[in-house]
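Engineer: Test case, fold it:
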Amino acid sequence: MQSQEKLKHHADLVDRMATAIGVDLEDLLFRGQMSPSDVPDAVLRCAACSDPVHCNAWMNRRDTLADATPGYCRNADLMATLREKTSVRG
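Structural biologist: You can find the predicted model right below:
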């Protein structure tokens, strides 16, 4: 079982990763463009990552929106789908 602190840390990483590629998770949830279960599922996938330090460093280096998540991101497919939904709304 994951510790609450670890899950909070990974929830923050998921939100920051979404923001780094121009995705507003709260807005997509509000508009029904993503399932409420997508967020905890994404957090659990993130928590299973073997190198969250590298992910955090990647996001800290960003000063512009990224086109996509790094290839190693366990939520790359979800984030790409969410970015498409964000772009469609444009």
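
Engineer: remind me which residues of the chain are low pLDDT?
Structural biologist: Applying pLDDT under 70 to the chain flags the ranges 1, 88-90.

Engineer: Quick one: the helices in it, in order.
Structural biologist: In the chain, the helices defined using DSSP state H lie at 4-20, 25-30, 38-47, 52-61, 76-89.

Engineer: so which of those gets nearest Thr69?
Structural biologist: Closest approach to Thr69 among the helices of the chain (CB to CB): helix 76-89, 4.8 Å. Bear in mind the C-beta positions are built from the backbone N, C-alpha and C, glycine included.

Engineer: and the closest one, what other elements does it pack with?
Structural biologist: For helix 76-89, the elements it packs on are helix 4-20, helix 25-30, judged by 3 or more CB pairs under 8 Å, 6 or more residues apart in numbering; DSSP states H and E.

Engineer: That helix vs helix 4-20, what angle?
Structural biologist: 40 degrees (axes from the mean of the first three to the mean of the last three CA atoms, to 10 degrees).

Engineer: quick one, helix 76-89 and helix 38-47 angle?
Structural biologist: Using the same axes, to 10 degrees, helix 76-89 lies at 140 degrees relative to helix 38-47.

Engineer: Tell me which residues of helix 76-89 come out buried.
Structural biologist: Buried residues in helix 76-89, counting neighbours by 16 or more other CB atoms under 10 Å, are found at 76, 78-79, 82-83, 86.
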